[in-house]
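S.K.: kindly generate the corresponding structure for this input.
(chains A and B)
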Amino acid sequence: MSDIKNIFDVSGRAMSAQLVRLNTIASNLANANSLSGSEDTAYRAMKPIFETKFADNVKDSGLSTTQAVGIVPTDRQPERIYMPEHPMADDTGFVYSAAVNVEEEFVEMLEATRQYQNNIEVVSTLRALMMRTISMGK
Amino acid sequence: MKSISNHIGIYADALSLRSKRNEMLASNIANAATPNFKARDMNFDAEIRKISHEGPMRTSDERHFPLMTKGGRESVLYRQPLQASKDGNTVEMNVEQMEFSENVMRYQTTLTFLNNRISGLMTAIRGE
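M.R.: Below you'll find the model as predicted:
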């Protein structure tokens, strides 16, 4: 990873982190209604882990961005549903539904979208300022 | 040369300081969802006062070197949150957005002042 030099690095990387978050939310929602034959193979919601990445640890410049350092499955347990007629049911007649809370995912989707938009807004504002600064004295 | 830089004076320093503050506030907005991130900011008044004390050292002998004194880098402080959040993140979007838009506005104001100074100089140089 190269170092963080300017505003485009800061906001660009924050946007890609938010995009990772939106992608995991999309995967979680896509798998929300899937059923599985055993508890181990049932789908579990995934969450990205965000970490601050500072521009310079020695010189405290105040410049930092965020980075998705990993994606982990949540420890919510899949729901056990009694459905003996289901083709994937186990010996005792149970299937396991994906451990995804749809409402939670929706709320997080809204939050991630807003933060993505905020970063775009910051970049476009500062870009306009830079363009005006370039034409200084004309 | 010195008179030109004196004429432009504090506005040039203020502009670069405003730009640094913009970057800090952008970092805060970028880290709005990162756990344990502490929002940073600078004390603009204190920093601009520090810069106005910078300059070459006064010399009493022609063999002395008029070294430049620097006030040092700007000190980056931590923002005090109005209401701390559970995950240790102290970025409050409303505060950051207001600070950011104010800082952008002040940057533009400084830029306008700077432009006026430069066009005044150009008028003087052309002598029209």
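
S.K.: how about the closest residue to chain B within chain A, nearest residue that isn't a chain neighbour?
M.R.: The nearest approach of chain A to chain B comes at A:A14, 3.4 Å away (Cβ to the nearest Cβ). Placement of C-beta: from N, CA and C, glycine included. Nearest residue to A:A14, sequence neighbours excluded (Cβ to Cβ, 6 or more residues apart in numbering or on different chains): B:A30, at 3.4 Å.

S.K.: that older thread, give me the phi and psi for the residue of chain A closest to chain B.
M.R.: With angles defined as degrees, to the nearest 10, A:A14 sits at phi -60, psi -40.

S.K.: OK, contacts around B:R73?
M.R.: By Cβ atoms under 8 Å, 6 or more residues apart in numbering or on different chains, the residues touching B:R73 are A:59, A:61.

S.K.: what's the answer for A:G93, then?
M.R.: A:G93 sits next to A:82-84 when contact means Cβ under 8 Å, 6+ apart.

S.K.: and which of the residues you listed is nearest to A:G62?
M.R.: Using Cβ to Cβ, the shortest approach to A:G62 within the contacts of A:G93 belongs to A:M83, at 56.0 Å.

S.K.: now for the residue nearest to the closest one when sequence neighbours are not counted, how many residues are close by?
M.R.: Spatially, and ignoring its direct neighbours in sequence, A:M83 is nearest to A:V95 (4.9 Å; Cβ to Cβ, 6+ apart). Neighbour count of A:V95, defined by other Cβ atoms under 10 Å in any protein chain shown: 21.

S.K.: thought A:M88 was touching A:V95, still the case?
M.R.: Yes - counting by Cβ atoms under 8 Å, A:V95 touches A:M88, with 5.6 Å between them.

S.K.: so which bits of the helix or strand containing A:V107 are buried?
M.R.: Using DSSP states H and E, A:V107 falls within helix A:102-134. For helix A:102-134, a neighbour-count test (16 or more other Cβ atoms under 10 Å in any protein chain shown) marks A:105, A:108-109, A:112, A:115-116, A:118-119, A:122-123, A:125-126, A:129 as buried.

S.K.: is chain B contacted by that helix?
M.R.: Yes - counting by Cβ under 8 Å from any Cβ of the partner chain, chain B is contacted by helix A:102-134 at A:111-112, A:115, A:118-119, A:122, A:125-126, A:129, A:132-133.

S.K.: beta partners for the residue nearest to A:M83?
M.R.: A:V95 has the following beta-bridge partners by DSSP bridges: A:I81.

S.K.: and the residue in chain B positioned nearest to chain A, what does it touch?
M.R.: Closest to chain A within chain B is B:A30: 3.4 Å, counting by Cβ to the nearest Cβ. Residues counted as contacts of B:A30 (Cβ under 8 Å, 6+ apart) are A:10-11, A:13-14, A:64-66, A:119, A:122.

S.K.: distance of it relative to A:V122?
M.R.: 8 Å (Cβ to Cβ, to the nearest Å).

S.K.: likewise for A:A30?
M.R.: For A:A30 relative to A:V122 (Cβ to Cβ), the value is 31 Å.

S.K.: do A:D56 as well
M.R.: In terms of Cβ to Cβ, A:D56 sits 20 Å off from A:V122.

S.K.: ditto for B:I125
M.R.: Relative to A:V122, and taking Cβ to Cβ, B:I125 is found at 38 Å.

S.K.: just the pLDDT for A:V58.
M.R.: For A:V58, the pLDDT comes out at 68.

S.K.: actually, A:N33.
M.R.: A:N33 is given a pLDDT of 89.

S.K.: show me where pLDDT drops low in chain A?
M.R.: Residues of chain A that meet the criterion pLDDT under 70 lie in A:1-2, A:57-58.

S.K.: check which helix or strand the spatially most central residue of it maps to.
M.R.: Central residue of chain A (Cα atoms, centre = their mean): A:R21, 0.9 Å from the mean position. Assessed by DSSP H and E, A:R21 sits inside helix A:7-30.

S.K.: for that helix, packing partners?
M.R.: Applying 3 or more Cβ pairs under 8 Å, 6 or more residues apart in numbering or on different chains; DSSP states H and E, one finds that helix A:7-30 contacts strand A:46-54, strand A:64-73, helix A:102-134, helix B:10-30.
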